[in-house]
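Trainee: generate a structure from the sequence data that follows.
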Amino acid sequence: MPTYRIHVINSDFKAEEEKDCSNVQAAAKHALKGALEIGSEQVLNGETFFGAEVRGDDGNETALRFLVTVGSSPLQ
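Mentor: Got it, this is the predicted structure:
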């Protein structure tokens, strides 16, 4: 089973995790879920917007790359 190093990076912090996944699609699902959880927590704590790059590396190659955003805006 391949091991992916997943990075969530924005202007305030960087989070990393190694995850054994059966394929790149499983790694992408795990990475996106983690970034959305972080973004949701940030918005619930008062931030109006969260944005981060999500990258998954398989060895020395970038296997996946996404931009994840979470935001909230009151409706008038």
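Trainee: what segments of this protein are strands?
Mentor: 3-9, 14-20, 49-58, 61-71 (DSSP state E).
Trainee: can you give the strand pairings for the longest one, parallel or anti for each?
Mentor: According to DSSP bridges, the neighbouring strands of strand 61-71, each with its direction, are strand 49-58 (antiparallel).
Trainee: list the buried residues of the partner strand.
Mentor: Phe50, Ala52, Val54, Arg55, Gly56, Asp57, Asp58 (16 or more other Cβ atoms under 10 Å). No exception for glycine: its C-beta is placed from N, CA and C like everyone else's.
Trainee: for the residue nearest the centre of the chain, list the residues it contacts.
Mentor: The centroid of the chain falls nearest to Ala35 when counting by Cα atoms, centre = their mean (3.1 Å). The contact partners of Ala35, by Cβ atoms under 8 Å, 6 or more residues apart in numbering, come to Val8, Ala52, Val54, Phe66, Val68.
Trainee: what number of residues lie near Glu37?
Mentor: 12 (other Cβ atoms under 10 Å).
Trainee: ok, now how distant is Lys33 from Glu17?
Mentor: Using Cβ to Cβ, to the nearest Å, Lys33 is found at 11 Å from Glu17.
Trainee: of those two, who's got more company?
Mentor: Comparing Lys33 with Glu17 by other Cβ under 10 Å, the one with more neighbours is Glu17, at 13 against 10.
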